[in-house]
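Peer 1: give the three-dimensional model of this entry:
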Amino acid sequence: MSFTTRIFSWIAINPRAAWRQSRARVSPGWNSRSNQKRLIRTATSSSGNPAPCLSPSLKVCLCAWTKTLIPNLGLYFTDKPATHFPLLLQLENDKQLDIPPGEKRFLVTDEFTLPVDVDLLAIYPHAHYLGKDLQALATLPDGSTKTLIHIPQWNLNWQAVYRYADPVPLPKGTTISMRYTYDNSVENLANPNDPPRRVAAGNRSSDEMAHLWLQVLPRVSSNADFDPRMLLQETMARHNLEKNPADFEAHYNLAAMLQARGAQAEAIQNFELAVRLRPQDPTANNALGASLLAAGRIGEAIPYLNAALRAQPDNFDAQYNLASALASQDKFLEAIAHYRAAIRLHPDDANAEANLGNALAEAGKLSEAKLHFQRALRIDPNHKLARENLEQINRDPKNLQQ
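Peer 2: Residues are numbered from 1 along each chain as shown. Just a heads-up that it's a prediction; the model follows:
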């Protein structure tokens, strides 16, 4: 007797017609940079400091600091789902930051060309004490330029999220450029080093950063199958890899985008590069194993799934994927152990219960398999394959005797 297995959706990767596998589980979402900040507040200022200079046509909402802060938190609830989904783009070039002592005009740049139409909602420039002149420009496809923000006398008190009073339309093909100038001389009264010393990139305030975040809202596409956010994020990942081929997050994120649109071979290549950069990372190892599993390369997938579990034994996705890989090799007893481990981690997962039932049935343990098919249906009454396999057991009188 053969039983049908469901992992997530539907891709046949086992030669036996009755055995069906689907895409393996990859940890949801994609890696974000550890130092990435979210848009959390409106612009702030400190009295006595010059205000950021924006294009006259662009209005920005500003709020002033006071010496005593009394925070307020507003929560707004709605019974309607969100209809707009902005995302955060980051320009940065910390690799260029190697500022010699005495240098008064050290320039760092980065630029990114938009692959889709967007509305710019907010902007957040960021540098430390050596920052002097921070500017962001948009060069439109017709060659005209627009100043998005310009802070000619940078001060740490000016680091904030600046929200435009009206969204700034930026068409596809617009190049956003970041131009930051740093002053590492004794004339910079904010210089934390006396005498000045060489300064490189880092998270300490005595180090430096060159970051520009932009909150953008992609224009809605008439093609229902096209998500402009995915293209934006894929393009940004490729841009980051052009600057730094050893960028782990960019390889992982690009692979996730490629996998989402079905470019499996290139996704596997980038997951492989991510794993080479961080061989012990459980998320990257599971993602690579899952991609290989979905591509039918079972034997290659298993070592990476084992590596993920060595690094993180409580990784549900890796337990689930390894069980599915073993089951596809007819190693049902080993698969059963990993499906059980997955269920201990996520007792309410109908797919794990159904797949455990399948493995038990293939191992001849039909009574126990029946219990897990029933559990899968209690969790998800519409679980098609659990119902079909349960009916298959119930149709055979020999099975009912067991």
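
Peer 1: drop to CA atoms for contacts and neighbour counts, all remaining ones
Peer 2: OK.

Peer 1: okay, domains of this protein per the record?
Peer 2: 43-222, 245-401 (automatic domain parsing).

Peer 1: to residue 239, which of these lies closest?
Peer 2: When the domains of the chain are compared by C-alpha to C-alpha, domain 43-222 sits nearest residue 239, at 7.3 Å.

Peer 1: quick one: mean pLDDT for the closest one?
Peer 2: Domain 43-222 shows a mean pLDDT of 86.

Peer 1: chain center to it: distance?
Peer 2: 22 Å (C-alpha atoms, centre = their mean, to the nearest Å).

Peer 1: swap in stretch 379-397?
Peer 2: That offset, for stretch 379-397, works out to 37 Å (C-alpha atoms, centre = their mean).

Peer 1: next: stretch 293-312.
Peer 2: For stretch 293-312, the distance to the chain centre is 21 Å (C-alpha atoms, centre = their mean).

Peer 1: how about it: buried residues?
Peer 2: For stretch 293-312, a neighbour-count test (16 or more other C-alpha atoms under 10 Å) marks 293-296, 298, 301-302, 304-309, 312 as buried.

Peer 1: make TSV from the domains of the chain and add distance to residue 235 to it.
Peer 2: Converted to TSV, these look like this (distance: least, C-alpha to C-alpha, whole Å):
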stretch	distance to residue 235
domain 43-222	7
domain 245-401	8
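
Peer 1: phi first, then psi, for residue 78.
Peer 2: The phi/psi pair for residue 78 (degrees, to the nearest 10) reads phi -150, psi 150.

Peer 1: no wait, residue 76
Peer 2: Residue 76 adopts backbone torsions of phi -120, psi 120, taken as degrees, to the nearest 10.

Peer 1: same question, residue 135
Peer 2: Dihedral angles (degrees, to the nearest 10) for residue 135: phi -140, psi 140.

Peer 1: pull the contacting residues for it.
Peer 2: 147, 148, 149, 150, 151, 152, 178, 179, 180 (C-alpha atoms under 8 Å, 6 or more residues apart in numbering).

Peer 1: so which of these wins on neighbours?
Peer 2: Highest neighbour count within these, by other C-alpha atoms under 10 Å: residue 180, with 29 neighbours.

Peer 1: which single one of the contacts of residue 135 is nearest to residue 257?
Peer 2: Nearest to residue 257 among the contacts of residue 135 is residue 178, at 25.3 Å by C-alpha to C-alpha.

Peer 1: in terms of helix, strand or coil, where does that closest one fall?
Peer 2: For residue 178, the assignment made with DSSP: H, G, I helix; E, B strand; the rest coil gives strand.

Peer 1: make sure it is actually in contact with residue 110.
Peer 2: Yes. With contact defined as C-alpha atoms under 8 Å, residue 178 reaches residue 110; the gap is 5.2 Å.

Peer 1: which residues are in contact with both of those two?
Peer 2: residue 91.

Peer 1: follow-up on the earlier one: and of the contacts of residue 135, the nearest to residue 357?
Peer 2: For these, the closest approach to residue 357 (C-alpha to C-alpha) belongs to residue 178, at 56.0 Å.

Peer 1: skip the chain neighbours and tell me the closest residue to the closest one.
Peer 2: Leaving aside its sequence neighbours, residue 178 sits nearest to residue 136 (C-alpha to C-alpha, 6 or more residues apart in numbering; 4.7 Å).

Peer 1: tell me the contacts of that neighbour?
Peer 2: Residues in contact with residue 136 (C-alpha under 8 Å, 6+ apart) are 147, 148, 149, 150, 176, 177, 178, 179.

Peer 1: any idea what it is bridged to?
Peer 2: residue 149, residue 178 (DSSP bridges).

Peer 1: and it, how close does it get to residue 324?
Peer 2: 49 Å (C-alpha to C-alpha, to the nearest Å).

Peer 1: just residue 307 next, same as before
Peer 2: 16 Å.

Peer 1: same deal with residue 75?
Peer 2: In terms of C-alpha to C-alpha, residue 75 sits 43 Å off from residue 324.

Peer 1: ok, residue 192 next?
Peer 2: Applying C-alpha to C-alpha to residue 192 and residue 324 gives a distance of 56 Å.

Peer 1: repeat that for residue 111.
Peer 2: Going from residue 111 to residue 324 by C-alpha to C-alpha gives 44 Å.

Peer 1: and the two? Which one has more around it.
Peer 2: residue 324 (33 against 17).

Peer 1: name the SS class of the more buried one, please.
Peer 2: helix.

Peer 1: residue 306 too?
Peer 2: Quick answer, by three-state DSSP: residue 306 is helix.

Peer 1: Provide a list of residues in contact with it.
Peer 2: Here residue 306 is in contact with 318, 322 (C-alpha under 8 Å, 6+ apart).

Peer 1: what residues are up against the nearest residue to residue 196 once chain neighbours are set aside?
Peer 2: Nearest residue to residue 196 in three dimensions, chain neighbours excluded: residue 101, at 5.1 Å (C-alpha to C-alpha, 6+ apart). For residue 101, the contact set (C-alpha under 8 Å, 6+ apart) comprises 184, 185, 196, 197, 198, 199.

Peer 1: now these: which count as buried?
Peer 2: Applying 16+ other C-alpha under 10 Å to the contacts of residue 101, the neighbour count classes 184, 185, 196, 199 as buried.

Peer 1: a markdown table for the contacts of residue 135, including distance to residue 317?
Peer 2: Below are the contacts of residue 135 laid out as a markdown table (distance: C-alpha to C-alpha, whole Å):
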| residue | distance to residue 317 |
| --- | --- |
| 147 | 46 |
| 148 | 43 |
| 149 | 43 |
| 150 | 46 |
| 151 | 46 |
| 152 | 49 |
| 178 | 39 |
| 179 | 42 |
| 180 | 42 |
